[in-house]
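Chemist: missing the sequence, but the structure's below:
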Ligand SMILES: NC(=O)C1=CN([C@@H]2O[C@H](COP(=O)(O)OP(=O)(O)OC[C@H]3O[C@@H](n4cnc5c(N)ncnc54)[C@H](OP(=O)(O)O)[C@@H]3O)[C@@H](O)[C@H]2O)C=CC1
Ligand SMILES: O=C(O)[C@H](O)CS(=O)(=O)O
């Protein structure tokens, strides 16, 4: 059993927050530390009945929550933000224990996640309507924005805090109620968020967190007509399934799905900056992010120099338990994740790639930060999301070839390129088919930005002033009868 040494042990929950009550279940699920397999806690194995209870309570609570003024909602959200930051260290320790990322990264995610609550506390007061010049003299045209109603959320394990707050922040700011199913690997972070939400004054039923059978809970969320919107972050495969399950009740969808980010280095790039950006983008969270560089495309003239510089930087990474001093790369989430990385590396080597650094599993869920050279588009790493600390280097000659290679995927979430010629920057940025473009930057995510993808990377945007749109309906009103008597 991993001991977390929390300042506030009550943040480590073994019950779920449903309809304003903390409830257990007949059966429970173990939550294990990916570093050593140790059990860090147990959570209830709930299902359709408890999900229905949360949804029905949300329906009642939402009507009252929406009647609060925007300022009242903003005040409670602001308290929630403050409590997250006050408890940042405990929330980070819970995250590192259940997800594995280094403690410094967990602290960063707590601040990143809390920033969405802060940002949408402010946005709550700026959800404006509009008047439209009427074509009829005795009538006036008005548009107001109203909350969607009850929203269901299903979130992934790789960012167990931020992927919830990036949805709950705008949803609650808009006046919706929110029922969340976190990933089974990382439920404790979600339950700690619920504990702080209750302390901040979120009314019972407005925010629920349910753990258990994802299929059973998801089936209820997607089929229940009370749920007017579903927001999902995770794999494209599951996103497809959920989209189909929502079709019979025509729910509004927010889908943040898989990626296959190209990271392009042109021969006019600042190579040191490109290496710094590649390190940040590729090896953050041990490569387990949907926006991490999945393919590194390097122009012929700088290929060897970039490969050598990148390999030198990768050799400085330290693999180990996320609580370890100086550890930069924690474990992957589970054995299956390690197996997928091993498959990708073996496939690349079998088809002619070579290892520049790394390339080996280290036992348990640990894998060496790796750079592969001589990678070609026929290899699995070109088509599939590795979701691990492997940087495959592809070679290209011309700008058009780089754009074509980068766009040769069904995904379109994030992409990156390093160049300094202003004409090239505009041509490449406009030619890449992605929702987000990092230009001479490897980390682009922030609450102020519209995060999301095109093609099979999803629907909608999270964060920025656009992020609240997912949780609003537009109502047009024509006010007639204004003729003078
Ligand atoms: N675009 C983005 O912002 C992000 C995309 N991703 C993508 O997700 C993948 C890795 O994350 P991962 O968590 O493994 O993704 P998954 O899609 O496997 O799981 C995501 C969530 O969906 C749940 N889930 C899985 N199957 C079902 C189902 N049939 N019905 C209802 N819920 C279900 C999981 O529950 P359970 O844990 O119980 O299985 C989990 O909570 C990668 O492809 C990555 O790119 C990840 C994060 C962010
Ligand atoms: O799930 C993810 O990979 C996150 O969306 C990445 S980020 O928001 O932390 O960049």
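Modeler: Perfect, thanks for sending it. Bear in mind that the values here come from a model prediction, so they are computed numbers and not experimental data. Ligands and ions are numbered 1, 2, ... in the order given.
Chemist: so which strand or helix has residue 317?
Modeler: According to DSSP states H and E, residue 317 maps onto no helix or strand at all.
Chemist: residues contacting the residue nearest to residue 6 when sequence neighbours are not counted?
Modeler: Closest residue to residue 6 apart from its sequence neighbours, by Cβ to Cβ, 6 or more residues apart in numbering: residue 90 at 4.6 Å. Any C-beta I mention is one placed from the backbone N, CA and C, and that applies to glycine too. Contact partners of residue 90, counting by Cβ atoms under 8 Å, 6 or more residues apart in numbering, are 4, 6, 7, 8, 11, 192.
Chemist: give me the number of residues near residue 62?
Modeler: For residue 62, the number of neighbouring residues by other Cβ atoms under 10 Å comes to 26.
Chemist: Please report how far the residue nearest to residue 6 lies from ligand 2.
Modeler: Taking Cβ to the nearest ligand atom, to the nearest Å as the measure, residue 90 falls 21 Å from ligand 2.
Chemist: Check which residues of whichever helix or strand residue 106 is part of are buried.
Modeler: Assessed by DSSP H and E, residue 106 sits inside helix 103-123. Going by neighbour count (16 or more other Cβ atoms under 10 Å), the buried part of helix 103-123 is 103, 105-121, 123.
Chemist: and it, anywhere near ligand 1?
Modeler: No - judged by Cβ under 6 Å from any ligand atom, helix 103-123 and ligand 1 are separated, with a smallest distance of 12.3 Å.
Chemist: next structured bit after that helix?
Modeler: strand 130-132.
Chemist: Return the list of helices and strands in contact with that next one.
Modeler: Other elements packing on strand 130-132 under the criterion 3 or more Cβ pairs under 8 Å, 6 or more residues apart in numbering; DSSP states H and E are strand 140-147.
Chemist: Go through the strand it packs on and flag the buried ones.
Modeler: Across strand 140-147, burial judged by 16+ other Cβ under 10 Å covers 145, 147.
Chemist: Check stretch 242-261 too.
Modeler: For stretch 242-261, the neighbour count (16+ other Cβ under 10 Å) marks 242-243, 245-246, 251-261 as buried.
Chemist: ok, now stretch 207-226?
Modeler: Buried residues in stretch 207-226 (16+ other Cβ under 10 Å): 207-214, 216-222, 224, 226.
Chemist: Kindly report the same for stretch 266-279.
Modeler: Buried residues in stretch 266-279, counted by 16+ other Cβ under 10 Å: 266, 267, 269, 271, 274, 275, 276, 277, 278, 279.
Chemist: how distant is stretch 261-280 from the center of its chain?
Modeler: Taking Cα atoms, centre = their mean, to the nearest Å, one finds stretch 261-280 lying 23 Å from the centre of the chain it belongs to.
Chemist: for stretch 269-282, same thing?
Modeler: The chain centre lies 22 Å from the centre of stretch 269-282; the measure is Cα atoms, centre = their mean.
Chemist: same thing with stretch 318-337?
Modeler: Here stretch 318-337 shows a centroid-to-chain-centroid distance of 20 Å under the convention Cα atoms, centre = their mean.
Chemist: quick one: average confidence on it?
Modeler: In this model, stretch 318-337 carries a mean pLDDT of 98.
Chemist: Please identify the buried residues of that stretch?
Modeler: By 16+ other Cβ under 10 Å, the buried positions in stretch 318-337 come out as 319-323, 327-333, 337.
Chemist: Pick out the lowest-pLDDT one from the contacts of residue 90.
Modeler: For the contacts of residue 90, the weakest pLDDT value sits at residue 4, with 91.
Chemist: how about the most centrally placed residue in the chain, phi and psi?
Modeler: Nearest residue to the geometric centre of the chain (Cα atoms, centre = their mean): residue 163, 4.3 Å. Torsion angles at residue 163 (phi, psi; degrees, to the nearest 10) stand at phi -70, psi -20.
Chemist: Contact partners for it?
Modeler: Contact analysis of residue 163 by Cβ under 8 Å, 6+ apart lists 155, 156, 233, 256.
Chemist: can you do 7 Å?
Modeler: Contacts for residue 163 (Cβ atoms under 7 Å, 6 or more residues apart in numbering) come out as 155, 156, 233.
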